Structure formats: structure tokens, C-alpha cells
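Peer 1: the sequence isn't on hand, but the structure is:
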Ligand SMILES: [Fe+2]
């Protein structure tokens with residue numbers, strides 16, 4: 001579809017955006033001279049469509065309430081073929097940020113853009129790319145990333161991504177970067193209070209004028225607090241260069257609002273309180289700093305957020321999905337809706353969801369869960385699989401026959417979830433939107449981008465030899481996460497729809513776990529049926545510490561269960577990540593590997609029923625991932641860098657640990673997908 005000028009002006013007006021019309025190209029007439037110091041957070045673009053994209057910058061002025069910049073969009077980096085210009089309003093009300101929807105562009109094109117103030121002071125030049133037209137069959141490629149922490153790490157994974165992309169042929173370059181959250185960490189540390197954490201030196205990034213202090217973390221309590229954290233992150237040269245090179249498509253994870261928060265509840269360690277005003281503040285800061293096609297109650301205008309007035313009130317009046325209908329909660333969580341879908345050529349429908357605004361408080365976090373007891377350390381983060389399944393399913397457990405009690409070892413607790421609806425992360429309204437999108441998708445690949453991992457994170461502590469440690473209190477397997485790993489019913493509902501509607505090409509990409517995972521989307525695992533309906537990938541963090549780093553620094557050398565997590569090889573600088581083997585092969589393989597150091601002997605003891613859903617796990621990997629989609633194949637590449645504990649001086653972003661590709665041919669409805677792995681370079685260690 002192409003719009004004529006009148007239709008376009010109407011559409012642009014309906015979207016409430018500044019608009020640009022791409023008529024004939026002509027040379028720039030502005031006297032632009034680059035002044036990066038006046039645009040300290042750089043430039044960005046977001047949510048590309050085949051004919052339009054949102055452009056962003058921040059230009060603070062020392063006085064006044066607002067100013068108007070000009071944005072120019074050109075077909076060349078020298079701005080000799082400018083195809084669009086538009087005014088861009090920056091105002092103190094939006095922390096001097098602006099968002100301009102530029103439409104009337106041509107599909108699958110690289111464009112260059114820059115902002116100029118009335119004095120001719122210009123931003124750096126940004127590069128952006130429109131989506132291919134809906135029926136364009138060319139292969140598409142994008143990167144997905146998550147979890148960048150400038151307070152305790154460095155972001156040169158982006159430098160490697162830029163280096164490789166600049167050298168790739170145009171057809172193999174990235175079209176956009178999908179950022180799956182933890183773009184910022186709202187938990188700020190100060191170097192004089194804590195010098196190091198794990199292998200990291202704490203870096204000075206920002207001082208919050210007001211904060212709640214929990215341990216060594218300072219949590220923002222104002223809009224200005226969140227804004228100041230975004231500004232600090234965008235002054236990181238690697239993050240800023242990445243935003244200037246590609247359009248980003250962003251969704252938040254937890255840390256854009258609150259570490260352990262949910263709906264409008266702030267929770268971080270011992271700090272826990274209703275925080276509608278802060279949920280609105282974090283939404284406003286996200287709106288201001290992430291150019292995206294969002295919706296908000298004040299209308300479609302992109303100039304200002306116009307926050308609703310809310311007061312902090314307890315989250316009362318929960319419906320059966322755990323959604324609080326307390327009016328301030330609803331006003332706060334509905335002040336910004338970010339779940340959305342993007343079409344990108346013939347092969348990609350991308351659906352991205354919000355995992356925090358509508359979620360039910362996990363049943364493990366209710367006071368009633370106290371009675372369930374906890375497994376022996378360091379298995380304390382594991383819980384018996386059947387307990388998680390009973391709590392998750394509520395009244396729907398076992399076809400509507402939930403037990404009256406839950407038994408863990410010797411402990412018997414009333415089943416406090418017996419009459420309750422199943423656990424939900426998406427919430428009813430968002431889930432219904434998502435399932436509709438899935439049903440309606442006609443692209444070859446239907447990709448669900450969500451911030452949380454979906455692959456079950458289980459182990460087989462029931463196979464530990466007697467007498468090694470306290471007896472495992474469960475009936476069988478353990479599960480270790482309250483993300484989608486433990487959201488059995490909701491995952492099952494989505495996967496059942498995929499199966500029943502005969503949907504092929506279903507793939508899921510996620511972040512959050514600070515680790516690389518590849519595998520299959522399956523509702524259940526042995527001893528239940530294992531029937532995968534899609535493929536799924538989780539990307540390692542850009543920089544945040546992962547579980548392996550935490551274990552290296554905290555797990556005692558002489559702990560009897562150390563072999564399940566760390567393999568100490570004679571002469572090795574660091575232990576190997578046995579926890580990867582634990583997830584893929586089970587406790588017997590780990591114990592054998594610790595005993596003999598013989599990888600083949602260890603893998604011969606693999607428990608085949610443990611993890612048929614997993615092809616790859618690296619709980620110690622950092623870096624980024626790319627997805628390439630064509631008419632016949634999905635291929636996901638993990639690009640893993642060494643632990644980014646120091647700034648990498650090399651222009652190419654430094655060395656790689658490994659590069660691994662998992663690909664699957666497109667399967668037919670009713671067929672199961674099959675992944676094939678290729679290690680392109682480096683050594684993924686015990687991940688396989
Ligand atoms: Fe994270």
C-alpha cells in the first residue's frame with residue numbers, strides 16, 4: 001500500500017506526530033555543524049515500518065520551556081539528497097527529548113538523519129532502515145539483546161556488532177535491534193559504598209538526589225531519578241553508537257521500573273510498597289527515552305507524555321487473574337501500553353509483550369508459601385517441579401482435580417491455590433491480544449519477543465546418590481525459575497493454540513536470564529509428552545553478571561554439591577561451568593565429570609528424559625544474538641564475548657569466546673521443528 005499525500009497527512013495527524021513528506025530529493029539548505037556536546041545522549045530511531053520510522057534526540061537548553069529543532073532525513077550520509085524535513089519540538093516537560101514520526105519513506109532503505117537547532121548546532125548523524133514491504137520475500141536479519149549494566153560492566157558487545165555489520169554485505173546487515181529489556185538498571189551503586197561485585201569494579205555513573213537505599217543499591221523515587229539513569233546509560237559510547245546505527249525495537253523487563261516489582265508495586269529486597277506514582281514516572285521516562293509506537297490515554301501525540309495524576313494506594317480489589325482494580329493501579333499501568341506487533345517483510349511478524357505491568361504476584365511470593373520449606377543449599381533456588389505445577393495451575397491442576405495439600409519431603413501444607421485461577425504473566429487482556437495476533441499472522445515466521453525466558457530450567461536432583469547431602473524433598477525433577485519456566489499453564493495455552501490453529505514458523509526470543517539458551521517450545525517434558533511446537537532462544541546479557549560468575553565468587557570450594565555447578569580442572573585458570581551440564585545432562589554426568597574429568601564418560605551418563613527441550617545452555621555467556629529468517633529457514637547466531645569486566649580498547653569490540661548457530665528448516669503444521677547446531681568458531685565448553 002502506498003499513501004498519497006492527503007492520506008498520509010491524515011494518517012500522520014491521526015498519529016499526532018510531526019510529519020514529513022518525502023518529495024523529491026534535494027541538498028540540505030541548513031547550516032548544520034556537528035556539536036555532539038549539545039546533544040549528549042546522541043540520536044536514535046525506533047519501530048521501523050515499511051514507510052516510516054520514529055526519530056529521536058535530546059537537546060537540552062539552559063533556559064526557556066521549549067524550542068524547535070529541524071530534523072532532516074537523507075538518502076546519503078552527506079545530506080545531498082534530503083527527502084524529508086520536519087520540525088521537532090523539544091521541551092522541558094519531556095526532559096528536552098523529542099520523537100518525530102517520519103513517514104512517506106521507501107521500504108527496505110537505509111536513511112541518514114540529523115537534528116539542527118536554530119543556531120545551526122547539529123546532532124551527530126544517525127542511520128536508520130525502513131522495513132521491507134509486506135510481501136517482499138528478501139531474507140531479514142535482526143539482533144536481539146538484553147541486560148546492559150553500565151554500573152558494573154562494559155558494553156563493547158555493541159562494538160563487535162557494529163564492527164561485523166559494517167563489514168557485512170548489505171543483504172546480510174541487521175535491519176534492527178530488538179532490545180528485550182534491562183536497558184537500564186534502576187538499582188544504582190556508588191563506588192565508595194561498594195568497590196566491587198563478583199568480578200566487577202563498580203563504576204561511577206550517576207547520583208540520585210533522592211533514593212531508597214537497600215543494601216548497596218540506591219533506588220530512584222522520582223521521575224528525575226529515572227531520567228538521570230537513562231541519560232547516564234545513553235552517554236555510554238557503545239550504547240549510543242548502536243542506537244545511532246540501527247533502529248531499535250524495545251520492550252522493558254523488570255529494571256526499567258523495579259527490580260522485583262509487579263504491576264505498580266515497587267519491590268527491591270526489603271523495600272516493598274505500592275508505587276503508582278513511580279510506575280507512572282518510570283513509564284514517562286521510558287516514553288521519553290525509547291522511540292516506540294506506543295499508546296497512552298492522553299492521545300497519540302509523541303511530544304509529551306502527560307502523566308495521569310495518581311496517588312500511592314495498596315493494591316486491593318484483585319480479580320481472579322491477580323490484577324488489582326484499585327483505580328490508581330489501573331491508571332498507572334495503563335498510562336503506557338507498550339505491547340505491540342511489527343510487520344517486517346514477507347517473513348516476519350514480530351509480537352512483543354509486557355511481562356510486568358499485568359502479571360499476577362507469583363504464588364511462591366505469597367506468605368502462604370513459607371510453609372513449603374526450602375531445598376538444601378545451594379539448591380535453594382530449585383523447587384520440586386510438582387510443587388511449582390500445583391501452584392501454577394491452581395484449580396485447573398490435573399484436569400480440575402487439584403490436591404488439598406502440597407507435600408514437600410516431610411512437610412505438608414494446605415494447597416492455598418486450590419480454588420484459584422492459574423498463574424499469569426501476560427494478564428487476560430494482553431494475552432487475548434497476543435493470541436489474536438498469532439492467529440492472524442500471515443508472515444512465514446511468527447516471532448514472539450518477550451523479556452523473560454520460556455525454556456524450562458530444570459534439573460534431576462532425585463538422581464543424587466544417597467548420603468551425599470540432605471535428601472531432595474521433591475518427588476522428581478526440580479524447576480528453578482518463576483519466569484515462563486514455571487508458568488506451565490500460560491505457556492501451555494499459547495502452545496496449544498499454535499498446535500490447534502496449525503501455525504508453523506513459531507519462534508520465541510527472550511532475554512533476562514543473563515545466559516544463552518537454544519531449544520524447543522514445548523508444553524511439557526518427560527515423563528509427560530514432549531511435543532514441541534516451535535523453537536526458542538534466549539540471549540546472554542550484553543554485560544550484566546550471570547549465574548556462573550556469581551557461583552565462581554560465592555560457592556564454597558569444598559561444598560559437596562559444587563560438582564553440579566562448577567568443575568575445577570587442575571591447572572585451569574577458572575572452573576568450568578558444570579551448571580550448563582546439569583541443565584542439559586543431569587547430576588550423574590556432573591558427578592562423573594568431577595570424578596574423572598572425562599567428558600565422553602560424563603555425557604554417557606546423560607539423563608535423556610531431563611532436557612529433550614534443550615540444545616544449548618551457557619549460564620556464563622555474554623554478548624548478543626542475531627536471527628536470520630528466510631522462506632525456508634530460521635538461523636539464530638550466538639556471538640559470545642569474554643566477561644566484559646573491563647573496557648575493551650579494540651575497535652572491533654575485542655575477541656570472541658565462541659560463535660554458534662542453531663538453525664531449523666521451516667516445518668509443516670503438525671510436524672515438529674528440528675534444530676541443527678554449528679559451532680562456527682571458539683569453544684562453548686560444557687554448553688552442549
Ligand atoms: Fe537483567
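Peer 2: Thanks, I have it. What you see is a predicted model; the values in this text were computed from it and never measured. Numbering: from 1, shown residues only.
Peer 1: from what I see, residue 685 and residue 575 are in contact.
Peer 2: No - using CB atoms under 8 Å, residue 685 is not in contact with residue 575; the gap is 10.7 Å. (Each C-beta comes from the backbone N, C-alpha and C, glycine too.)
Peer 1: neighbouring strands of the helix or strand containing residue 341 in the sheet, and parallel or not?
Peer 2: Per DSSP states H and E, residue 341 falls inside strand 340-344. According to DSSP bridges, strand 340-344 has the following sheet partners: strand 348-352 (antiparallel).
Peer 1: how far does the partner strand sit from the chain's center?
Peer 2: Here the centre of strand 348-352 is set off from its chain's centre by 14 Å, with CA atoms, centre = their mean, to the nearest Å.
Peer 1: what's the helix or strand that that strand is followed by packed up against?
Peer 2: Note on strand 348-352: by DSSP H and E, the next helix or strand toward the C-terminus is strand 383-384. In terms of contacts (3 or more CB pairs under 8 Å, 6 or more residues apart in numbering; DSSP states H and E), strand 383-384 is packed against strand 478-479.
Peer 1: mean confidence for the strand it packs on?
Peer 2: Averaging pLDDT along strand 478-479 gives 93.
Peer 1: check stretch 405-417 too.
Peer 2: 93.
Peer 1: same question, stretch 489-500
Peer 2: Mean predicted confidence for stretch 489-500 is 98.
Peer 1: kindly report the same for stretch 129-141.
Peer 2: Stretch 129-141 shows a mean pLDDT of 98.
Peer 1: give me the contact list for that stretch.
Peer 2: Stretch 129-141 has contacts (CB atoms under 8 Å, 6 or more residues apart in numbering) with 48-53, 105-111, 171-176, 246-247, 342-348, 626-631.
Peer 1: mind listing what's buried along it?
Peer 2: Neighbour counts over stretch 129-141 (16 or more other CB atoms under 10 Å) mark 129-134, 139-141 as buried.
Peer 1: dump these to TSV, plus secondary structure and distance to the ion.
Peer 2: TSV is the format used below for the buried residues of stretch 129-141 (DSSP: H, G, I helix; E, B strand; the rest coil; distance: CB to the ion, whole Å):
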residue	secondary structure	distance to the ion
129	strand	27
130	coil	30
131	coil	28
132	coil	31
133	coil	35
134	coil	34
139	coil	30
140	strand	27
141	strand	24
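Peer 1: could you redo those as CSV and give each row distance to residue 198?
Peer 2: As requested, those are exported to CSV (distance: CB to CB, whole Å):
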residue, distance to residue 198
129, 37
130, 42
131, 40
132, 42
133, 47
134, 46
139, 39
140, 37
141, 33
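Peer 1: count of residues packed around the residue nearest to residue 254 when sequence neighbours are not counted?
Peer 2: With sequence-adjacent residues excluded and distances taken as CB to CB, 6 or more residues apart in numbering, residue 254 is closest to residue 356, at 5.8 Å. Look at residue 356: counted by other CB atoms under 10 Å, it has 23 neighbours.
Peer 1: interface residues of the stretch 1-150 of the chain facing the ion?
Peer 2: Selection of the stretch 1-150 of the chain residues close to the ion by CB under 5 Å from the ion yields residue 147.
Peer 1: so how far is residue 675 from the residue in the stretch 451-600 of the chain that the ion sits nearest to?
Peer 2: Nearest residue of the stretch 451-600 of the chain to the ion: residue 544, at 4.8 Å (CB to the ion). From residue 544 over to residue 675 the distance is 26 Å, taken as CB to CB, to the nearest Å.
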